[in-house]
Structures are given as C-alpha cells and as structure tokens.
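using only what follows, build the 3D model:
(chains A and B)
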Amino acid sequence: MNFIEEGVVKARDRGQDIILRYPPEPNGYLHIGHAKAFSITNSMRNQYHGRANLRFDDTNPAKESMHYVENIKRDLNWLGIKYDRVVFASDYYEQLYTCAVHLIKQGLAYVDDSTMDEIKALRGELGVPGKPSPYRDRSVAENLDLFARMRAGEFPDGSRVLRAKIDMASPNMNLRDPVLYRINRQTHYRTGNQWCIYPMYDFAHSLSDYLEHISNSLCSLEFEDHRPLYNWCIANCQGALPNLPKFPPEQYEFSRLNIEQFVMSKRWLKKFVDEGLVDGWDDPRMPTVAGMRRRGYPATAIMDFVQSTGITKNVMTVPLSALEFYVRTELDKVATRVSVVENPLKVKIVNYPADKTETFTVDNNPHDPAAGTHAMTFSNEIYLDGDDFSDNPPPKYKRLTVGGVVQLRGAYKIKCLRKVGDTLECEITDDKAKGVVQYVDARTGVKAEIRSFAPLLKAGTALTEDNINRDSLYRSTAYVEKWLAEQNNPSTKYQFMRKGYYVLDAKDSLVFNKTISLREGF
RNA sequence: AGGGGUAUCGCCAAGCGGUAAGGCAAAUGGCUCUGACCCAUUCAUCGUAGGUUCGAAUCCUGCUACCCCUGCCA
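Residues are numbered from 1 along each chain as shown, chains lettered A, B, ... in the order given. Model (predicted):
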C-alpha cells in the first residue's frame, strides 16, 4: 500500500465518504502525464467505491476555452477514466467571493494598491524575509469597501489585488501574503463578463475541494509547498458558508511522470501548436492523449503503462521502451497483420512461370483465429524489403543472402541465386530456410505513403526547427498488399509484417503512420 | 532565516530491525512460416561516513547529490 492509498484509507476509517477530484485547467489538451496522475485518482475511486468529480480549474479566463473542456472529456472517456460529476471552479465564483469577504472580516485579508513590481520587491528573496506592504494594515471596513468596488469594476486591471495576511517573513514563499484575487477584465468562456475579478489557484482550489466535500486531494509534488496555504484557506473559511463538511480535505502529493525524449510541459506543447511546428494538439508526435490515439496507441496500453509506473515522490524518467512494451503487448493481441515492403527490392523467381499467379491464404492474426484471413497474390515477380536482403550479412543473419534460403511468408521458400543489378534472381526450393521474410506481389501490390514519426525533443532543449525534427515526419514509398488498399477502415490497427506497427491515418486512406518498431533498426 | 522534498540494479519499484520481490531494458539458450509471442537461464548489499544492535536498506548522527518554491499561471 502506498502513501496515497494510506491517506484514502485513513479518510475512510474516520468515516468520510471517499470523494476525489480531477482538476484539469481547460487551457490545453491532456497529455500522458495527466493520464498518469488521473489514473491514480481513478484507481482510488474504483478501489474504494468512491466518487470523483471532474472539476475544471478555470480561474484564468485568458487561457481557457470550451474547446479544451470538450477535448479533455473526450480523452478521459477514451482512456476509461471515470468521473461522477462535471463541475467548474467558475461555478463557485460567488461562494468564493463570500469566503474572501469572510477572510477580510476576520482581518486575514487586505486590499493592496501596490503594483506588481512593488509587491515583488517587498516579497523578499529565498532566505531573505519580505517586508509588509504599506497597505497591509488597512481597516476591515476599508478593505470591505475596496474589495466590493474591485468587484464592481471601479478600478483598472492590475491596480489592486486582494492578499491574504499571513507572514511576510515566512521561509515558505507561498505564505508571504499571497494574492487571492486580481482584477482582470477578460471574457470568461462560461461566465462571460459577469466578473472582472478572478480568484487565484490556491484560494479557489482549496475551497473548491472543501465545497465539494473532497476527502483526498491528490496532486503532484510541486504543490507540496502550497499545502500550508491550502490548509490555511480552508481553516480560515470554516463557517463562511453553510453545509461545509466536518472534515476538511487533505492534500497528498506524488511525483509526476516523465518519459525520455518527451516534453511534458503544457506551455511548450502549446508553443509547438501555436507556432505551427506540429499539426495540432493531436499531432502524432505529441505526447498528448489525442496524439497517441492518432498514433495508434491503444487506450488500454496507455493506462497499463501509466499504472506500471510508481506512485512515489521520487523524481522519475521512464524510458520510452517501457511505454512501447505495453503498446506492443496490446497491439500484438489485436493488430491485423499485413505485408509491407518499405524499400522495394525486386525479385524474379526464375523457376516460376511468367504467366502464372497463385493466391495464398494468410491469417490476419495468428493469436486470434476469429480475426479471419486474407488472400495474398504470388507471381514470378515480387518485392522484398531492402532490409530483408544483405550482400554482406552479419553473423546469425536470418534473412536473405546470395546463396541463402528464406521462407516467404505464406508462400514458398526461395533461394537467391545471384544479384543482377538491382534485381535478385531466386528459385523456389525445398532447402531449409534460415528465416521468414515478407513479400508483396510486384504486379498487384500497391504503393502507399508511409510516415515515420520522430520523437519529441528532450525536455530542456532549446526549441528550434531542427531539433523538433519537423522534417523527420518524412514520407517514403511503400508497397503493401492490394488487400490493404481495399480496406477502408481508419479505426483498424495493422501490424506490418516484421516491420513494426502501423495505423491507418484517417485523413488519407493510403497514408500510413509508422508508430513503433518491433525492434530497433529492423 | 531560506524552506519543502527525494536518495534501493541502466530505468521504474517492493521492502517498515532478521539476513535485497517484481516489471522494463540487456545477455545467453530453446521454440517458431512474424529475429514477434512463448519458455528457460543470467543480471544489486541498498548515496556516503560513522554509531546503536546478536543482527540495519530498515533506528540515530554528520556529510553529499538531485528536484521544487521568489506569477496579479495552474
């Protein structure tokens, strides 16, 4: 049992209902890091028969929109993350305002007329205590009046803020009179122009949890320093509103998921999108849930993966191979197999009649007979993939060499007699084959475009056109079975024989997105 | 007067005083009309220095390293 679960058990044993929450801000798409965080909450909800609210933390109208709300819901549903209610921080603006007034009346909050720079200057630095604002000791009456007028729109944006009166000398910067409300005339995607003051995260989040009777508030490590403020807001707003729960919510923090070569910062992902370096939030190179979906990663694979990573406070960076393991395992169960050659190498079968063709039947998925079969054409002219032949084979090479024998998948064994120019001359044989190789009939195979995806750059790398690998979303020509061309089901997963996994791009019926390779360099 | 966290195999991670689980990766071998899958085997004395104890990854002390915090973002 990990510390998160212990917290849930503790709440349960003290008689609380287990109520959790997923708190995305609708300012972008969900990425796999969110999937990990939310899966922890999801599994606690399921395991302890609790409830979970999907709460959009929408307190910064400049960045948020309904478009994001909808896509976050869609991704959550696709992943199978369950929630019982959909709520919005913006539903609580009135109650939050009441709580702020409650703090002012207790002398625990004040209106500050300082500029942003003045506030910053007085806040002090790490290891250096801050100094009180000249406005810190205003009377309750004056604060009440000023705050009401802030709400009424009497003051320009940024001219005043409401601050908590805590401790300007606290070693915890979050406690040096944090801003609770700012004036910001932005049209909110839900409340429109009804408000010109908006609550800050710490104030809104803690009290939203409290209002919703949240038992355990699970979040990531960077909020550890915020916990004292979280608790301060709740403790000082007891009695501010009716029907507040007996037990306050408790915040628990765990470490975030990092994956090698993945940028997991929403700010950067947004930058990629805004600057057109990627197609959009669902670009297959993006570590977003939508991008991975388009890339052909099954939802179950993503969930299995995030659950396989630990729930600890350790800084973690998981290798991409760990994610791929789950994708591969899942796709291996469900993927339809099909033959593809990416770099066609022409083969002539010298002892096969030029005017003859045959049709062979091949399983769509050897692990699943119910997946059916498909037909493959064979004639005296076929293509092999360039990687399946070597003039200079390394030790233990199992594919074709001059003089060697391989099994053509579903068809004959062939022996390579010689290489003439760019063409291999082979004959059908009964000799023992070294390995199995895929092929495509040269006359009926069809060309298709293949896209290869480059992983995103490593976190912390400077953003340039070069290192985002825009051009590595390259296209090459491949020959696939004609059968595949006849399929027009964008939702189907395909496994190209021994070349890796691919998924049909819904945008273009003959563009294939290479997702992962079964083996590096193969 | 800085504070808050974290340190167990290349990467995740169990372990909570009784003699280091498991997964990924890697390697070797077997099987195979996917070099896949599957099967078998191999792979750590626990950041460091001391201390307590019959016995410590687990307790104590001192070091060291790394992460987070100085938005009117969340």
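
sec struct for the closest residue to A:D137 other than its chain neighbours, please.
Excluding the flanking residues, the one nearest A:D137 by Cβ to Cβ, 6 or more residues apart in numbering is A:Y110, at 7.7 Å. Every residue, glycine included, has its C-beta placed from N, CA and C. Following DSSP: H, G, I helix; E, B strand; the rest coil, we place A:Y110 in the strand state.

beta partners for A:Y110?
A:R163 (DSSP bridges).

residues near it, how many?
A:Y110 has 25 neighbours, counted by other Cβ atoms under 10 Å.

who touches A:M303 in this structure?
For A:M303, the contact set (Cβ atoms under 8 Å, 6 or more residues apart in numbering) comprises A:35, A:39, A:79-80.

any of the residues you listed buried? List them.
A:35, A:39, A:79 (16 or more other Cβ atoms under 10 Å).

okay, and which of the residues you listed map to helices?
Secondary structure from DSSP state H places A:35, A:39, A:79 of the buried ones among the contacts of A:M303 in helices.

quick one, helices of the stretch 151-300 of chain A?
Here the stretch 151-300 of chain A has its helices, by DSSP state H, counting those that start in this stretch, at A:201-211, A:227-235, A:266-274, A:289-295, A:299-308.

these two touch, right, the residue nearest to A:D137 and A:V161?
No. A:Y110 is beyond contact range of A:V161, at 9.6 Å (criterion: Cβ atoms under 8 Å).

can you tell me how far the residue of the stretch 401-522 of chain A found nearest RNA strand B sits from A:T359?
Scanning the stretch 401-522 of chain A for proximity to RNA strand B using Cβ to the nearest atom of the strand identifies A:V436 as nearest, at 3.5 Å. Relative to A:T359, A:V436 is positioned 19 Å away (Cβ to Cβ, to the nearest Å).

A:R185 now?
71 Å.

just A:D57 next, same as before
Relative to A:T359, and taking Cβ to Cβ, A:D57 is found at 59 Å.

for the two, indicate the residue with more neighbours.
Per other Cβ under 10 Å, whichever of A:D57 and A:T359 has more neighbours is A:D57, with 20 against 10.

need phi/psi at that one.
The phi/psi pair for A:D57 (degrees, to the nearest 10) reads phi -80, psi 70.

what comes into contact with stretch A:232-251?
With Cβ under 8 Å, 6+ apart, stretch A:232-251 has contacts from A:7, A:11, A:14, A:16, A:95, A:98-99, A:102-103, A:106, A:108, A:164, A:166, A:175, A:202-203, A:206-207, A:209-211, A:213-219, A:223, A:226-227, A:230-231.

of those, which are in range of RNA strand B?
A:202, A:223, A:226 (Cβ under 7 Å from any atom of the strand).

what residues are up against A:A100?
Residues near A:A100 by Cβ under 8 Å, 6+ apart: A:109, A:147, A:162, A:180-181, A:199, A:203.

buried only: go through those residues for me.
Among the contacts of A:A100, the ones that count as buried (16+ other Cβ under 10 Å) are A:109, A:147, A:162, A:180-181, A:199, A:203.

can I get these in a markdown table with pLDDT?
As requested, the buried ones among the contacts of A:A100 are exported to a markdown table (pLDDT from 0 to 100):
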| residue | pLDDT |
| --- | --- |
| A:A109 | 98 |
| A:F147 | 98 |
| A:L162 | 98 |
| A:L180 | 98 |
| A:Y181 | 98 |
| A:P199 | 98 |
| A:F203 | 98 |
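
farthest pair within these?
A:F147 and A:F203 (13.1 Å; Cβ to Cβ).

need the overlap of contacts for those two.
What both A:F147 and A:F203 touch, as defined by Cβ under 8 Å, 6+ apart, is the set A:100, A:181.

bridging residues for A:V338?
The residues that A:V338 bridges to, once DSSP bridges is applied, are A:F496.

could you verify my assumption that it touches A:H374?
Yes. Counting by Cβ under 8 Å, A:V338 touches A:H374, with 7.4 Å between them.

compare those two (neighbour count), which wins?
Taking other Cβ under 10 Å, A:V338 and A:H374 do not tie; A:V338 has more neighbours (24 against 20).

confirm that A:T477 sits in a strand.
Yes. Under three-state DSSP, A:T477 sits within a strand.

for A:L144, see how far away the residue nearest to A:D137 is.
According to Cβ to Cβ, A:Y110 and A:L144 sit 10 Å apart.

identify the contacts common to those two.
With Cβ under 8 Å, 6+ apart, A:Y110 and A:L144 have common neighbours A:I104.

quick one, phi/psi of the residue of chain A found nearest RNA strand B?
Closest residue of chain A to RNA strand B, Cβ to the nearest atom of the strand: A:G310 (1.9 Å). Backbone torsions for A:G310, taken as degrees, to the nearest 10, come to phi -80, psi 160.

look at the closest residue to it other than its chain neighbours and give its secondary structure.
Leaving aside its chain neighbours, A:G310 sits nearest to A:M316 (6.8 Å; criterion: Cβ to Cβ, 6+ apart). Assigned with three-state DSSP, A:M316 falls in the coil class.

try A:I382
A:I382, by the three-state scheme (three-state DSSP), is strand.

before we move on, back to that, out of the buried ones among the contacts of A:A100, flag the one nearest to A:Q47.
Comparing these against A:Q47 with Cβ to Cβ places A:F203 closest, at 31.1 Å.

test my guess that that closest one contacts A:Y93.
No. Between A:F203 and A:Y93 there is no contact, the gap being 11.5 Å when judged by Cβ under 8 Å.

quick one: buried residues of stretch A:174-183?
A:174-183.

first to last residue in stretch A:426-436, what's the distance?
15 Å (Cα to Cα, to the nearest Å).

could you pull up the mean pLDDT of that stretch?
For stretch A:426-436, mean pLDDT is 93.

quick one: contacts of it?
Contacts for stretch A:426-436 (Cβ under 8 Å, 6+ apart): A:347-352, A:397-399, A:404-409, A:412-417, A:498.

can we see that at 7 Å?
A:347, A:349-352, A:398-399, A:404-407, A:409, A:412-417 (Cβ atoms under 7 Å, 6 or more residues apart in numbering).

gap between it and the chain center?
46 Å (Cα atoms, centre = their mean, to the nearest Å).

cool, and stretch A:107-121?
37 Å.

stretch A:47-64 now?
In this view, stretch A:47-64 has its centroid 17 Å away from the chain centroid, taken as Cα atoms, centre = their mean.

in it, what counts as buried?
By 16+ other Cβ under 10 Å, the buried positions in stretch A:47-64 come out as A:48, A:50-61, A:64.
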